[in-house]
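Enquirer: Provided below are the primary sequence and the corresponding predicted coordinates.
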Amino acid sequence: MRAEARWTGEESAAFDLHLQEKLGIPSQLLMENAGQATARLTLQLLAKEQRPAAPLLILAGPGNNGGDALVCARALVGTTQREVVVWAPCGLPAPSSSAAGLARETARAAGAQIIDSPELPGKLRPAWVLDGLFGVGLCRPIEGAAAAALERIAAFEAPILALDLPSGLDADSGEALGPVPPAAATLSYIGPKQGLECGQGPRCAGEVWIASIGVSHQAAQTWLSRRRGES
């Protein structure tokens with residue numbers, strides 16, 4: 001990970017809003033950028049996979065993190081011969097007019113297999129699992145279907161790529177708010193989150209990659225410094 005400022009969950013959300021309201025970047029485009037960046041990294045990681053027919057399992061949540069995952073699913077359907085399975089144990093994003101809801105519809109239209117159920121039927125042996133259940137907005141303990149789903153993917157004999165940060169990890173403190181499936185890699189959007197380097201973060205994050213989803217890395221760091229009164 002490069003030496004740079006670590007972002008809190010609140011700062012990440014504020015910067016996302018800044019991109020939309022001050023710079024005029026639509027939320028749909030930000031989500032598209034995040035999902036496409038995730039798809040590119042996934043293809044890079046798959047280059048080392050020894051089972052060319054093994055499917056990809058994408059865990060998608062009901063919020064914007066799930067929207068990022070669904071954009072990624074659509075992109076992967078168009079660029080890999082592998083079966084792409086999206087599992088939404090807590091429901092899919094809605095309504096269709098939202099960026100995440102649109103991502104749901106376009107992933108379905110592209111041919112991704114979407115399972116909107118607390119249970120994952122069959123016996124999958126995925127090449128990789130993409131964890132897009134929860135993002136930086138998580139602030140409560142995980143239980144019920146969400147906890148069961150995270151335990152399920154942790155039990156797979158497959159590496160996990162976490163979208164933004166591993167689901168169940170507090171973005172600021174690195175505290176585990178429930179079962180946190182250890183990732184082989186994490187693609188953190190905008191910049192690295194504080195929680196990736198403290199608490200349970202180092203154990204759960206794996207190799208951390210960074211994706212700029214709207215503006216340059218330098219522009220994001222400048223905004224963060226000004227917000228903190230550092231310049």
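Expert: Cool, the structure landed. Numbering: from 1, shown residues only.
Enquirer: how far does the least confident helix or strand in the chain by mean pLDDT sit from the chain's center?
Expert: Within the chain, no helix or strand scores below helix 217-227, which has a mean of 93 by mean pLDDT, DSSP states H and E. When C-alpha coordinates are averaged (Cα atoms, centre = their mean, to the nearest Å), helix 217-227 and its chain have centres 22 Å apart.
Enquirer: try stretch 99-113
Expert: Using Cα atoms, centre = their mean, the offset of stretch 99-113 from its chain centre is 16 Å.
Enquirer: Show the model's pLDDT score for the residue nearest the centre of the chain.
Expert: Nearest to the mean C-alpha position of the chain, by Cα atoms, centre = their mean, lies residue 163 at 2.1 Å. Per-residue pLDDT puts residue 163 at 98.
Enquirer: Setting aside sequence neighbours, what's the nearest residue to it?
Expert: residue 132 (4.2 Å; Cβ to Cβ, 6 or more residues apart in numbering). Using the backbone N, CA and C atoms, a C-beta is placed for each residue, glycine as well.
Enquirer: Next, give phi and psi for the one you found.
Expert: phi -120, psi 40 (degrees, to the nearest 10).
Enquirer: thought it was touching residue 72?
Expert: Yes: counting by Cβ atoms under 8 Å, residue 72 is a contact partner of residue 132 at 7.4 Å.
Enquirer: Helices along this structure, start to end?
Expert: In the chain, the helices defined using DSSP state H lie at 9-21, 27-46, 64-77, 99-110, 144-155, 201-205, 217-227.
Enquirer: out of those helices, deepest packed?
Expert: Neighbour counts (mean count of other Cβ atoms under 10 Å) averaged over each of these peak at helix 64-77, with a mean of 28.
Enquirer: Rounded mean pLDDT for that one, please.
Expert: Computed over helix 64-77, the average pLDDT equals 96.
Enquirer: With stretch 98-115 instead?
Expert: Stretch 98-115 shows a mean pLDDT of 94.
Enquirer: ok, residues contacting it?
Expert: Applying Cβ atoms under 8 Å, 6 or more residues apart in numbering, the external contacts of stretch 98-115 come out as 26-28, 30-31, 35, 58, 63-64, 66-68, 70-71, 73-74, 76-78, 83-88, 92-96, 121.
Enquirer: at 7 Å instead, please
Expert: With contact meaning Cβ atoms under 7 Å, 6 or more residues apart in numbering, stretch 98-115 is reached by 27-28, 31, 35, 63-64, 66-67, 70-71, 73-74, 77-78, 83-88, 92-96.
Enquirer: circling back to that earlier point, give the residues shared as contacts by residue 132 and residue 72.
Expert: Contacts common to residue 132 and residue 72, judged by Cβ under 7 Å, 6+ apart, are residue 58.
Enquirer: quick one on the thing from earlier: identify the residues contacting the residue nearest to residue 163.
Expert: Residues counted as contacts of residue 132 (Cβ under 7 Å, 6+ apart) are 58, 59, 60, 61, 65, 66, 68, 69, 163.
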